[in-house]
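Chemist: Build me a structure from this.
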Amino acid sequence: MAVYLWAMAAAVLMALPIELDVELNINRAPGARVRVNIAGITVEYIMALRHGEDGFVLEYKRANSSRSHTRTLAQMHESRHALDAAMPAIKAGARHIMRNVDTRKLGVQARLGLGDAAASAMAAGIMCILAAGFCAVADAPPEIDVQPDYAHRTFVLRAQGMFCLRLGHIIGAGLAGAGEFCKEAFRRWIGRTILPRLKA
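Modeler: Presented below is the predicted three-dimensional model:
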């Protein structure tokens, strides 16, 4: 009986919906807001990229929290080697999620000016076409409002996306990534240990 109860609880957990609401803002500095909702529990994070004394700084914090965390571009570059090693696993997990994600909403509001009326109108039209194509690929109804600024050089962008997937898809992506990571680690181990002996 306990086995059936555990199986039922696991099935319910795997079917839990996860709603992801992402907003990207580019005005003077780029920033983003990410809201995750799992079974009525909402967690929201705010990120901003700004120019500090030591170069570019990524600042992120939980919404309604006074405590923020920062990472400089140099710190992110130092952790790049670990990210490069895990990149095949990340790609495998991302492919699994992209196959199962349901795009509920995609929206783009932008104001674009290049200092020349004709060039601004052309750039705004190209941006509309690209945004509409992206919405078509994601199979989401487009909400696009791109306005050219004929008199000034400006670029203001606000992009929104709402996505839904199941907790089981996240777990499946983690398993796919872990399998790819183990396969890549085994391949590197073979390359470091066995192949040099065979060549000798």
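
Chemist: all contacts plus neighbour counts: C-alpha atoms, from now on.
Modeler: Noted.

Chemist: How many neighbouring residues does residue 114 have?
Modeler: 20 (other CA atoms under 10 Å).

Chemist: Quick check: it touching residue 124?
Modeler: No: counting by CA atoms under 8 Å, residue 114 does not reach residue 124; the two are 9.8 Å apart.

Chemist: helices and strands of this protein: which one has the lowest mean pLDDT?
Modeler: Every helix and strand of the chain was ranked by mean pLDDT, DSSP states H and E. The lowest is helix 73-78, at a mean of 60.

Chemist: so who does the residue nearest the centre of the chain touch?
Modeler: Centroid-nearest residue in the chain: residue 22, 8.5 Å away (criterion: CA atoms, centre = their mean). Contacts of residue 22 were listed using CA atoms under 8 Å, 6 or more residues apart in numbering, and they are 32, 33, 34, 35, 160, 161, 162.

Chemist: about what we covered before: other SSEs contacting the next helix-or-strand element following the least confident helix or strand of the chain?
Modeler: Using DSSP states H and E, the helix or strand that follows helix 73-78 in sequence is helix 80-100. Contacts defined by 3 or more CA pairs under 8 Å, 6 or more residues apart in numbering; DSSP states H and E place helix 80-100 against helix 167-199.

Chemist: hmm, try it at 10 Å
Modeler: Judged by 3 or more CA pairs under 10 Å, 6 or more residues apart in numbering; DSSP states H and E, the packing partners of helix 80-100 are helix 73-78, strand 153-166, helix 167-199.

Chemist: and the last one, how far from the chain's centre?
Modeler: Between the mean C-alpha point of helix 167-199 and the mean C-alpha point of its chain there is a distance of 24 Å (CA atoms, centre = their mean, to the nearest Å).

Chemist: which parts of it are buried?
Modeler: Buried positions in helix 167-199, judged by neighbour count with 16 or more other CA atoms under 10 Å: 167-170, 172-178, 180-181, 184.

Chemist: and if you look at stretch 30-40?
Modeler: Buried residues in stretch 30-40, counted by 16+ other CA under 10 Å: 30, 31, 32, 33, 34, 35, 36.

Chemist: for stretch 91-101, same thing?
Modeler: So for stretch 91-101, counting by 16+ other CA under 10 Å, buried means 92, 93, 94, 96, 97, 101.

Chemist: How about stretch 6-16?
Modeler: Those would be residue 14, for stretch 6-16 by 16+ other CA under 10 Å.

Chemist: Let me see the mean pLDDT of it.
Modeler: For stretch 6-16, mean pLDDT is 73.

Chemist: from here on, count from 5
Modeler: OK, 5 is where the count begins now, so the last one is stretch 10-20.

Chemist: what sits up against it?
Modeler: By CA atoms under 10 Å, 6 or more residues apart in numbering, the residues outside stretch 10-20 that reach it are 5-9, 42-43, 169-176.

Chemist: Can I get that stretch as PDB, trimmed to CA atoms?
Modeler: Taking C-alpha atoms only, stretch 10-20 is exported to PDB below (Å, rounded to 0.1, in the frame of the first residue of the first chain):
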ATOM      1  CA  TRP A  10       4.600   6.900  -2.900                       C
ATOM      2  CA  ALA A  11       3.900   6.400  -6.600                       C
ATOM      3  CA  MET A  12       0.800   8.500  -6.400                       C
ATOM      4  CA  ALA A  13       2.700  11.300  -4.600                       C
ATOM      5  CA  ALA A  14       5.500  11.100  -7.200                       C
ATOM      6  CA  ALA A  15       3.000  11.300 -10.100                       C
ATOM      7  CA  VAL A  16       1.300  14.400  -8.500                       C
ATOM      8  CA  LEU A  17       4.700  16.100  -8.000                       C
ATOM      9  CA  MET A  18       5.800  15.300 -11.600                       C
ATOM     10  CA  ALA A  19       2.600  16.900 -12.900                       C
ATOM     11  CA  LEU A  20       2.900  20.100 -10.900                       C
END
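
Chemist: Alright, calling it a day.
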